[in-house]
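Trainee: Sharing a model that was predicted from the sequence below.
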Amino acid sequence: MLESHCTICLETITDPVCTYCYIKQVRMWFNDLQINPIFKRFAINKIKNRLLIDGINETGCILCGSDNVDVCFYCFGFIAIEVLRELNLTDNMIESFSDSFNYKLMGRELNLNKLNIREDDENELGTTRL
């Protein structure tokens, strides 16, 4: 079996889950919070639009088995949280999202590595919000 690589960070995808299944999980999180359906649809479409990537991976999703896997867990989380921030969700809601998907464990790594920011620059740029 060939390794699949994330089309954003180019790292190996260790847990092959397709964008559709990630979005499905975000939808469930929004439902748990009882968010306005129009806002939920808008937010999900905004996340989807950021992930419109046509990759070359042939690995099937471990959840649904059908779609190709093009984005890793970390990049999906980074993009989703970035969109939630842009939409001005409260810090508590973003923290809830991070807790629900275990993104807190990798938050610092995402902020610094994905944005190519050195640790001594983070305070100046205000990138420690994850």
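Mentor: Now that the structure is in, tell me what you want to look at.
Trainee: Any stretches of the chain with poor pLDDT?
Mentor: Scanning the chain for pLDDT under 70 picks out 1-2, 53-57, 103-130.
Trainee: those strands in it, which residues are they?
Mentor: Taking DSSP state E as the criterion, the chain carries no strands.
Trainee: those helices in it, which residues are they?
Mentor: Counting by DSSP state H, the chain has these helices, from start to end: 19-33, 37-50, 73-86, 91-100, 107-109, 122-125.
Trainee: Deepest in the core, which of those is it.
Mentor: helix 73-86 (a mean of 20; mean count of other Cβ atoms under 10 Å). All C-beta spots, glycine's among them, are computed from the backbone N, C-alpha and C.
Trainee: the inter-axis angle of that helix versus helix 37-50?
Mentor: Interaxial angle of helix 73-86 relative to helix 37-50 (axes from the mean of the first three to the mean of the last three Cα atoms, to 10 degrees): 130 degrees.
Trainee: of all the helices of the chain, which lies closest to Glu3?
Mentor: With Cβ to Cβ as the measure, helix 73-86 is the member of these nearest Glu3 (15.3 Å).
Trainee: For that closest one, name the packing helices and strands.
Mentor: helix 19-33, helix 37-50, helix 91-100 (3 or more Cβ pairs under 8 Å, 6 or more residues apart in numbering; DSSP states H and E).
Trainee: coming back round to it: any idea which of the helices of the chain gets closest to Cys6?
Mentor: helix 73-86 (5.5 Å).
Trainee: for that closest one, the distance to its chain's centre please.
Mentor: 4 Å (Cα atoms, centre = their mean, to the nearest Å).
Trainee: JSON lines for the helices of the chain, including distance to Gly60?
Mentor: JSON lines is the format used below for these (distance: least, Cβ to Cβ, whole Å):
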{"stretch": "helix 19-33", "distance to Gly60": "11"}
{"stretch": "helix 37-50", "distance to Gly60": "20"}
{"stretch": "helix 73-86", "distance to Gly60": "16"}
{"stretch": "helix 91-100", "distance to Gly60": "25"}
{"stretch": "helix 107-109", "distance to Gly60": "27"}
{"stretch": "helix 122-125", "distance to Gly60": "38"}
